[in-house]
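J.: prediction below, plus the sequence it came from.
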Amino acid sequence: MELPSLSIVIPTYNGLNHLERCLTSVQQYAPPGTQVIVVDDGSTDGTCFWLRKKHPEVEVLALPSNHGFCGAVNAGVARARREVVEMLNNDTEVSPGWAESALKHFADPSVGSVAPLVVFFDRPQVIDSAGQEYHICGWGKNRGYGHVLNEKYARSCDVFGPSGSSGFYRRAALQKTGVLLPEFSAYYEDVDLSFRLRWAGYRSIYEPASRVLHRESATYRRQRDQVVRLLARNEELVFWINLQAHELLLGFIPHLGFLVVRAVRKTLKGQGTIFFAAKWEAVKKWRWICERRRELQKLARSAGRKVQLEITSHPRILQDGWNWINQKKCA
């Protein structure tokens, strides 16, 4: 079976200390003819000069100012010329066969994205992401996060979508749905994209043989208050934009409970003001939210099939949430 061609888009902002390992692994394991695009998002650490000197085989797209994660990725995807695009964080390393294992799934025209198995760089037997899940309460989470690899995660299966750290996407599907919404800047932008692909009738497949190592949030963890703001605002936008009307009705009470728990936690951590300001910021975008919902209806009509969003309402979310908090990862 002939595999589709691949473009890899790597956004970076002052991430020169991570790029060497990332690019070395890509150069070593990428299929022949892979297009590699590094988008320098207004870095001040000499990234462009270093890339042109050390990696002349890489296409460098230098943005004159910082556009944020979404803006940088979108600029790179616009340059992509292959059939499949992988959005790859600069703080990752890929493994042998990671691309081929994912690319084979695109032989099925219903597949819009493929989620690799992402593990922690310093703990390669512990999962960062085995695809994504989205709960009706409004929580998007990495499937299997913090779990030790076991038989459950050794099988390929349908999932809600891939993590934004390393997901593979059919380029024709992205041309239909659009890429990342720049209004998100960062965080939950990958969840929103997974929703749009599902509204357009595409599936997402998890592939454990496609393995990526990730230094979690190596770039953004330095901006804690900004991270709290983006997560609090964007999780609200995703919920109100993407759920169908009957799901909004079913999810309203669980979502309210989710907000109360998060509000209490943020207040106790001294970040309540940032959290509530972010929620109000989301409320003020209600006209834009309505516009986005109308766009989704157009996507659904173009798909010509029933929308299957793969939203879970399983009560295990309570246990998952407790474990997440105990690991101090509930931002």
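T.: Nice, I can see it.

J.: so where is the chain shaky, pLDDT-wise?
T.: 216-223, 316-319, 321-331 (pLDDT under 70).

J.: which stretches of it form strands?
T.: Using DSSP state E, the strands of the chain run over 6-12, 35-41, 59-63, 84-87, 92-94, 111-120, 123-129, 132-134, 140-142, 157-158, 168-170, 203-214.

J.: among those, which is nearest Arg262?
T.: Among those, strand 140-142 comes nearest to Arg262, with 13.2 Å by Cβ to Cβ. The C-beta positions use only the backbone N, C-alpha and C, and glycine is treated the same way.

J.: and the closest one, what's buried?
T.: For strand 140-142, the buried set under the neighbour-count rule, 16 or more other Cβ atoms under 10 Å, comprises 140-142.

J.: for that strand, packing partners?
T.: Counting contacts by 3 or more Cβ pairs under 8 Å, 6 or more residues apart in numbering; DSSP states H and E, strand 140-142 packs against strand 123-129, strand 132-134.

J.: how far does the shortest one sit from its chain's centre?
T.: Centroid separation between strand 132-134 and its chain, computed with Cα atoms, centre = their mean, to the nearest Å, is 11 Å.

J.: what sits against Glu59?
T.: 35-38, 79 (Cβ atoms under 8 Å, 6 or more residues apart in numbering).

J.: spatially central residue for the protein, please.
T.: Gly164 (2.1 Å; Cα atoms, centre = their mean).

J.: what sits against the nearest residue to that residue once chain neighbours are set aside?
T.: Leaving aside its chain neighbours, Gly164 sits nearest to Asp190 (3.1 Å; criterion: Cβ to Cβ, 6 or more residues apart in numbering). Shown in contact with Asp190 (Cβ under 8 Å, 6+ apart): 132, 161-164, 167, 180.

J.: switch to 10 Å and redo it
T.: Asp190 makes contacts with 69-70, 73, 87, 113, 129, 132, 140, 161-165, 167, 180, 184, as judged by Cβ atoms under 10 Å, 6 or more residues apart in numbering.

J.: how about exporting stretch 290-308 as PDB, limited to the C-alpha atoms?
T.: Output in PDB follows, covering the C-alpha atoms of stretch 290-308 (Å, rounded to 0.1, in the frame of the first residue of the first chain):
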ATOM      1  CA  CYS A 290     -23.400  32.200  17.400                       C
ATOM      2  CA  GLU A 291     -21.500  32.800  14.200                       C
ATOM      3  CA  ARG A 292     -19.300  29.800  14.800                       C
ATOM      4  CA  ARG A 293     -22.400  27.600  15.500                       C
ATOM      5  CA  ARG A 294     -23.900  28.700  12.200                       C
ATOM      6  CA  GLU A 295     -20.700  27.700  10.400                       C
ATOM      7  CA  LEU A 296     -20.800  24.300  12.000                       C
ATOM      8  CA  GLN A 297     -24.300  23.700  10.700                       C
ATOM      9  CA  LYS A 298     -23.000  24.400   7.200                       C
ATOM     10  CA  LEU A 299     -20.200  21.900   7.700                       C
ATOM     11  CA  ALA A 300     -22.700  19.300   8.800                       C
ATOM     12  CA  ARG A 301     -24.900  19.900   5.800                       C
ATOM     13  CA  SER A 302     -21.900  19.500   3.500                       C
ATOM     14  CA  ALA A 303     -21.000  16.200   5.100                       C
ATOM     15  CA  GLY A 304     -24.400  14.800   4.200                       C
ATOM     16  CA  ARG A 305     -24.400  12.400   7.200                       C
ATOM     17  CA  LYS A 306     -25.500  12.400  10.900                       C
ATOM     18  CA  VAL A 307     -23.200  14.300  13.200                       C
ATOM     19  CA  GLN A 308     -21.300  12.000  15.600                       C
END
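
J.: would you mind listing the buried residues in stretch 202-210?
T.: Under the neighbour-count criterion of 16+ other Cβ under 10 Å, stretch 202-210 has 202-208, 210 buried.

J.: ugh, typo on my part, it should be stretch 109-121
T.: For stretch 109-121, by 16+ other Cβ under 10 Å, it's 111-121.

J.: on that earlier part again, can you list the buried residues of stretch 202-210 in TSV and add distance to Val238?
T.: Output for the buried residues of stretch 202-210, formatted as TSV (distance: Cβ to Cβ, whole Å):
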residue	distance to Val238
Tyr202	18
Arg203	19
Ser204	16
Ile205	22
Tyr206	20
Glu207	24
Pro208	26
Ser210	25
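
J.: from those, which single one is nearest Trp280?
T.: Ser204 (32.5 Å).

J.: distance of the closest one from Arg233?
T.: Applying Cβ to Cβ, to the nearest Å, the value for Ser204 to Arg233 is 25 Å.

J.: same thing with Arg294?
T.: 21 Å.

J.: which one's more surrounded, these two?
T.: Arg233 (25 against 8; other Cβ atoms under 10 Å).

J.: identify the residue nearest that one in space, chain neighbours excluded?
T.: Ala278 (4.1 Å).
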